[in-house]
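Enquirer: Fold the following.
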Amino acid sequence: MSAITTMETTPIVSNSLNVLTINMDSFFLIVNGFIIFFMQGGFSFLEAGSVRSKNTVNILIKNMLDALIGGLAYWAIGWGCAYGPGGNGFIGGSQFFSYNMPDSSYSPWFFQFVFAATAATIVSGSIAERCRFPAYFFYSIAITGLVYPPVSHWAWDSDTPGWLNGMGYQDFAGSGVVHLLGGTCALVGCMMIGPRTGRFDNKGNPKDMPGHSVPLAALGGFILLFGFLAFNGGSQGSISNDGDANAVARAVVNTILGGCSSGLTVLFLSRFANGAHWSYLLTLNGALTGMVALCAGCDAYQPWGAIVVGVIGGSAYFICHKVMLWCQFDDPLDAVAVHGAGGLVGVICAPIFAWESGIVGVGDTVAPWETLGINLLGAVAIIAWSAALSFLIFYPLHYFNQLRINLDTEMKGNDLIKHGEAAYPAESWVEIQYNKPEKMVSTVSYSIRDATTAPGIPINMSGKEEGQVNHGYIAHSQSGMKGATESYSVRDVTTAIPINVGEKGAVQVTNGYYSHDYMPRD
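Expert: The predicted structure is shown next:
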């Protein structure tokens, strides 16, 4: 009787276990996807703190649009290009607009979408404070829907194997697929749009242009560090198979260690190589770079290997950071150094330091050397693909003057002009309960002045029309009963003297800059 009962219930139990296994794996992807999606908040805070206050709303809405636009673009085109059945080694071939997509694909769809959104968000930091809003729409759709998906198909699709996957390309969580691709797109965008006005002097030396809130940047950075644990650990893709839990734990521990060693490497490099200070922001970017570098092989390293890769990643970040400044490429978030340099280090190091299959473990065999060659080929292919498509995206926008905002908007900031919202509106500082009535709010005025006249006469008082003023500048004044007074002037970079005060006339000053003075009042 017992035997008969066992035989009758075994199919039921087997089916139940199968359902439980499928549900566990789907839940694993969804929960980790939630955490990775929260990284969009981390990017938002990090970028908001790293830009000037006048562009805070602008960078926040662009980060939100990466999720909103990216979701629709990945649903319409991206998923089909990446994992749609019926494709070939280059691209997927079906399930566009989720047509004929089974319910079992929704959890991997969501997990892969948050990866695609991350790739697009990387670019926003490198062109912050000077990109036009319509241009942002265009490139966000293109990267999420067209640039990223084929690369993820090359490396990760096993149902219709991509060409890199079939060769044995090793990139567990996307050092190359996500970060190197995003970093390359960021570099092209940064080169095409040009530096922020005043970022470099006439000799090419960088001038400090700090963001307005280190605490905001710090909060965003810590959210990203937290999110990377799910980014790398969740890339196991399942939790029900034998060894899955151990692989996830190994990936998480190695990610932590890589971030630690990379952050400390940059901390000491910035202190002693620069001969300056213990930089928090550089250290934060160094820690993020270490986690980026760990993406490719975090499931295969021994802890000491993760630490070594982190040190290499931090060093690569610091070098890339310096090279970008030397080339006069203005990247306010160091997106190229963090994701581009870190991603390249990850792709190269994975077949070297993988303990059971890498060069350090079985270097006397051919296999790890072949994997290294394949990974190098993959890195070259990813860079070439993303650079070429980014050029096709950004160059037409640049050519038709649709990529960069005008100088007036750049000087005044995007927030009020483009969005009608200030991140820190002056009205919010009026405290009625402290007897500070609304009439005491400062007044602000701007005027275009003729720099060839000694006192800088406004053009509507100088007898000239706007088109006749070849050497004009924007004058800004602010006054208030209890507020501060502010002024802007054009100064000669060789003397730092305002052109209407110094010995030189405006025509003689070929290298001038905007100077902002702030004077608090009691």
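Enquirer: For this structure, which residues score under the pLDDT cut-off?
Expert: 1-9, 430-522 (pLDDT under 70).
Enquirer: in the helix or strand harbouring Gly314, what's buried?
Expert: According to DSSP states H and E, Gly314 maps onto helix 303-326. By 16 or more other Cβ atoms under 10 Å, the buried positions in helix 303-326 come out as 305-318, 320-321, 324-325. Placement of C-beta: from N, CA and C, glycine included.
Enquirer: Repeat that for stretch 257-268.
Expert: Here stretch 257-268 shows Leu257, Gly258, Gly259, Cys260, Ser261, Ser262, Gly263, Leu264, Thr265, Val266, Leu267 as buried, counting by 16+ other Cβ under 10 Å.
Enquirer: What's the separation between the second one and Gly70?
Expert: In other words, Gly258. 27 Å (Cβ to Cβ, to the nearest Å).
Enquirer: can you pull the contacts of Ser213?
Expert: By Cβ atoms under 8 Å, 6 or more residues apart in numbering, the contact set of Ser213 is Ala48, Gly49, Ser53.
Enquirer: let's see it at 6 Å
Expert: By Cβ atoms under 6 Å, 6 or more residues apart in numbering, Ser213 lies in contact with Gly49.
Enquirer: Okay, it and Ser50: tell me how far apart.
Expert: Here the criterion is Cβ to Cβ. By it, Ser213 lies 8 Å from Ser50.
Enquirer: Distance from the helix or strand where Phe115 lies to the middle of the chain?
Expert: Element membership of Phe115, judged by DSSP H and E, is helix 106-126. Computed by Cα atoms, centre = their mean, to the nearest Å, the separation of helix 106-126 from the middle of its chain amounts to 11 Å.
Enquirer: Contacts for the helix or strand just after that helix next, please.
Expert: As assigned by DSSP H and E, the chain's next helix or strand after helix 106-126 is helix 133-142. Contacts to helix 133-142, defined as Cβ under 6 Å, 6+ apart, come from residues Lys62, Asp66, Ile69, Ala73, Ala120, Ile393, Leu397, Gln402, Leu403.
Enquirer: any idea which of those is closest to Leu282?
Expert: Lys62 (23.9 Å; Cβ to Cβ).
Enquirer: Was I right to think the closest one contacts Thr121?
Expert: No. Counting by Cβ atoms under 6 Å, Lys62 does not reach Thr121; the two are 8.8 Å apart.
Enquirer: Put the alpha carbons of stretch 289-301 into PDB.
Expert: The C-alpha coordinates for stretch 289-301 follow below in PDB (Å, rounded to 0.1, in the frame of the first residue of the first chain):
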ATOM      1  CA  THR A 289      35.300  51.500 -10.700                       C
ATOM      2  CA  GLY A 290      36.400  48.400  -8.600                       C
ATOM      3  CA  MET A 291      32.900  47.000  -8.700                       C
ATOM      4  CA  VAL A 292      32.600  47.700 -12.400                       C
ATOM      5  CA  ALA A 293      35.900  45.800 -12.900                       C
ATOM      6  CA  LEU A 294      34.600  42.900 -10.900                       C
ATOM      7  CA  CYS A 295      31.500  42.400 -13.000                       C
ATOM      8  CA  ALA A 296      33.200  40.200 -15.600                       C
ATOM      9  CA  GLY A 297      34.700  37.600 -13.300                       C
ATOM     10  CA  CYS A 298      33.300  38.100  -9.800                       C
ATOM     11  CA  ASP A 299      31.800  34.500  -9.800                       C
ATOM     12  CA  ALA A 300      35.200  33.000 -10.600                       C
ATOM     13  CA  TYR A 301      37.800  34.800  -8.500                       C
END
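Enquirer: buried sites along that stretch?
Expert: Buried residues in stretch 289-301 (16+ other Cβ under 10 Å): 289-301.
Enquirer: export the residues you listed to a markdown table and tack on secondary structure?
Expert: Below are the buried residues of stretch 289-301 laid out as a markdown table (DSSP: H, G, I helix; E, B strand; the rest coil):
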| residue | secondary structure |
| --- | --- |
| Thr289 | helix |
| Gly290 | helix |
| Met291 | helix |
| Val292 | helix |
| Ala293 | helix |
| Leu294 | helix |
| Cys295 | coil |
| Ala296 | coil |
| Gly297 | coil |
| Cys298 | coil |
| Asp299 | coil |
| Ala300 | coil |
| Tyr301 | coil |
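Enquirer: Past the helix or strand hosting Ile348, which element shows up next along the chain?
Expert: Secondary structure from DSSP H and E places Ile348 in helix 342-353. Moving toward the C-terminus from helix 342-353, the next helix or strand (DSSP H and E) is helix 359-362.
Enquirer: buried residues in that following helix?
Expert: Buried residues in helix 359-362 (16+ other Cβ under 10 Å): Ile359, Val360, Gly361.
Enquirer: OK, contacts around the first one?
Expert: Taking Cβ under 6 Å, 6+ apart, we find Ile359 in contact with Ile352, Pro368.
Enquirer: Can you tell me how far it is from Leu333?
Expert: 33 Å.
Enquirer: returning to that earlier point: and the contacts of helix 133-142, which of them are in strands?
Expert: Among the contacts of helix 133-142, none falls in strands (DSSP state E).
Enquirer: Just the buried ones from those residues?
Expert: Lys62, Asp66, Ile69, Ala73, Ala120, Ile393, Leu397, Leu403.
Enquirer: ok, for the fourth one, nearest residue in space, not its chain neighbours?
Expert: This means Ala73. Gly145 (3.6 Å; Cβ to Cβ, 6 or more residues apart in numbering).
Enquirer: and if you look at Ala251?
Expert: That would be Cys298: by Cβ to Cβ, 6+ apart, it lies 4.3 Å from Ala251.
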